[in-house]
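*Asks:* Quick one, structure for this:
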Amino acid sequence: MNHRQRDIVKWINQNGRHSINALAAVFEVSVQTIRSDIRLLSERGLVLRNHGEVVPFPNRENISFDQRRIHNMQGKLRIAELALSKINDYQSIFLGSGSTVAEVAKALEIKKELHVMTSNLHAARVLSDHTTGELTIAGGKIRKRDQDVIGADAVNFFQKYRADVGIFSVSAIDKQGMLFDFTDDDISALEVLVNNCHYRILVIDSTKFEKESRCVWGRLSDINCLITDRAPAQYLLSKIRAFGVEVLF
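*Replies:* Okay, here's the model as predicted:
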């Protein structure tokens, strides 16, 4: 992503909805150039194209799971492919919430005799068709928008088990390496999931780097491996590795 494209994202986030023609005038380039920039930024989930206009990409609380699922789909498929390299047959696996984790669940079908424990209904739906292994799903209060079990029900579920590997996502990583999620319910379940597994894999698409969200969960030092679709900025990549975290992209 070049300097102009970064400036476009900043401009849209600060000033809101703009037409393609208006952006071409602001940045003093051709409409064709702006269209190319917006296409790339849209594919990375940094802005949203809407009937000839460009708007800031909405946060998770304003869009459905299905909309998030198709956001940066190629990136999520890449993440799922890389995650498979860290999973062995016959292991026990925790799967957390989110659309990226759900894509990882789809990829797990080639593994043998896994025992998967999850609060993610989308992941459970996919894995229920798997002919080998075991699937244990949390019961309790369902967050309809995200199709997952939340709150004390999710906390109690993950407290009952231990897993070889935990695979989870967060809503943002800031420049200091702090990890964020949206709600206290998300944080509570995530803390137990991470504490009760031996190897911790954070799967996160590259649009979530250098951002913040409502609730602080932890630091990069709390994980073993970070899997993403594109390399973060060099300073952040160096910081992540300084925590002893393996980075795959």
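*Asks:* Would you map the helices across this protein?
*Replies:* 3-15, 20-27, 31-43, 65-70, 73-84, 99-107, 121-127, 151-159, 184-195, 234-242 (DSSP state H).
*Asks:* I'd like these written out as TSV, with mean pLDDT and mean neighbour count added.
*Replies:* Where C-beta positions appear, they are placed from N, C-alpha and C, glycine not excepted. Output for the helices of the chain, formatted as TSV (pLDDT from 0 to 100; neighbours: other CB atoms under 10 Å):
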stretch	mean pLDDT	mean neighbour count
helix 3-15	91	14
helix 20-27	95	16
helix 31-43	91	16
helix 65-70	59	14
helix 73-84	93	19
helix 99-107	95	24
helix 121-127	95	21
helix 151-159	97	19
helix 184-195	95	20
helix 234-242	95	14
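*Asks:* Tell me which of these sits nearest to Lys208.
*Replies:* Nearest of the helices of the chain to Lys208, taken as CB to CB: helix 99-107 at 9.4 Å.
*Asks:* outside of that closest one, which residues touch it?
*Replies:* Under the criterion CB atoms under 8 Å, 6 or more residues apart in numbering, residues 65, 68-69, 71, 76-77, 79-81, 83-84, 95, 116, 118, 120, 122-124, 126-127, 167-169, 203-205 lie in contact with helix 99-107.
*Asks:* quick one, that helix and helix 73-84 angle?
*Replies:* 60 degrees (axes from the mean of the first three to the mean of the last three CA atoms, to 10 degrees).
*Asks:* can you give me how far helix 99-107 is from the chain middle?
*Replies:* 10 Å (CA atoms, centre = their mean, to the nearest Å).
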